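[1] got a structure for you, letters missing:
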């Protein structure tokens, strides 16, 4: 039996088609050209249409799924993005009112450039917009820019790693080399992120702050408070295993606390009530959010959940906003040790002040 | 918090529709003549380096795609929004 190769078959098939086209071209040249023209216009139309859809859906899909991952039941909402194409048709009326912007997108050969530009715009104008408006001062320029750059870098790292080189070469590297202050902020965010607290606590708290209404223009007080929150979290990132450090951050606008509740002794002696009281005390001191942290190993996680359950029985007005596992690179005596961590975010809606004079 | 997330729309133009957009804004001739400059760095805007258009005081301003100009553009639109 003859061994029939699909390649030979395909080759024969294309050869036959080519011969047929040549034959038809000779016999009916105008008709064939007309139909090839129609076919190629149709393919071109499909190709061009698909470019709009693929660019829009890829960018919206990736950025909105990032926002959805950050979001939690009852926690801070993160706005979504939707791309609206303009000037696609010649008969389309252009509405371009004062204050509006139009971003230029390239064709599908520039997917990474499109994503980097859209992610940067999303971070700056949508994700962090409200908090940055509180920092509407010249002396906060580097803080705002560093927040934009670091957050965009995290989004790209998670959603589109292939665009990372483009972002680092085009934005991160040139900008961080321009200012020592900006470089310092990036270093601080990197440390905070090393222990897994950049998005779950820093961005979360800044978004809570951004949603508060200040009737007067932003003052240096807010800038100082945000800087202090960053220093507080940086201090946490420098904490060595077993080291006791400041747990509460009690600012004028931001009041939060980080509690490690599942130490070996507490867990072994089942000191649920003692740990519950520590957390409840933080709420009694006015904290809006307490982040309960511990090791993510089964025993420890079980103990943390027991403590959280006891807290909610004791103070039923509190809400668990999020529980999540992540890898924290915690400082050991010699180097940082990657440790699976478990975080439960508890929120007190009654402690929130929405309007400040 | 009782606040729901919003869907924020951003307007985008595909590079192949730029001519149409510029035509509608009556800026095609000046653009093609190289008379349009970046709002921030004052370099000439081309189809290749254009990042954004911004409508301000009934005028259309253009921003090029250098990192510095994009950062300046973000800061500029933040400042023009004011504070809460």
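    Alright, I've got the coordinates. Bear in mind the structure is a predicted one, so any value in this text is a computation, not a measurement.
[2] Need phi/psi at the residue nearest the centre of chain B.
    Nearest residue to the geometric centre of chain B (CA atoms, centre = their mean): residue B:53, 2.0 Å. Main-chain dihedrals, residue B:53, degrees, to the nearest 10: phi -120, psi 140.
[3] Distance of it relative to residue A:179?
    Per CB to CB, to the nearest Å, residue B:53 is found 28 Å from residue A:179. From N, CA and C alone the C-beta is placed, and that goes for glycine too.
[4] what's the single longest helix in chain B?
    For chain B, the helix with the greatest residue count under DSSP state H is helix B:67-81.
[5] which residues sit in contact with residue A:196?
    Taking CB atoms under 8 Å, 6 or more residues apart in numbering or on different chains as the criterion, residue A:196 is in contact with A:326-328, A:341, A:343.
[6] at 7 Å what do you get?
    Residues in contact with residue A:196, defined by CB atoms under 7 Å, 6 or more residues apart in numbering or on different chains, are A:326-328, A:341.
[7] Just the pLDDT at residue A:241, thanks.
    Model confidence at residue A:241, given as pLDDT, is 83.
[8] Let me fix that, I meant to ask about residue B:7.
    88.
[9] show me where chain B has strands.
    Ranges of strands within chain B are B:7-14, B:50-56, B:59-64, based on DSSP state E.
[10] So the second one, near chain A or not?
    Yes: using CB under 7 Å from any CB of the partner chain as the criterion, contacts between strand B:50-56 and chain A involve B:50-56.
[11] Flag the shaky bits of chain B, pLDDT-wise.
    B:1-4, B:81-84 (pLDDT under 70).
[12] give me the number of residues near residue B:22?
    Neighbours of residue B:22 under the rule other CB atoms under 10 Å in any protein chain shown: 22.
[13] what does residue A:154 give?
    Neighbours of residue A:154 under the rule other CB under 10 Å: 18.
[14] returning to that earlier point: other residues contacting the longest helix of chain B?
    Residues contacting helix B:67-81 (CB under 7 Å, 6+ apart): A:99, A:101, A:120, A:124-125, A:132-133, A:136, A:141, A:145, A:148, A:170-171, A:174-175, B:38, B:40-41, B:51-52, B:63.
[15] Could you pick out which of those are located in helices?
    Using DSSP H, those in helices are A:120, A:132-133, A:141, A:145, A:148, A:174-175.
[16] Which one of the residues in the stretch 151-300 of chain A is closest to chain B?
    In the stretch 151-300 of chain A, the residue that lies nearest chain B is residue A:171 (4.7 Å; CB to the nearest CB).
[17] tally of neighbours for that residue?
    Counted with other CB under 10 Å, residues neighbouring residue A:171 total 23.
[18] That one against residue A:150, yeah?
    No: using CB atoms under 7 Å, residue A:171 is not in contact with residue A:150; the gap is 11.0 Å.
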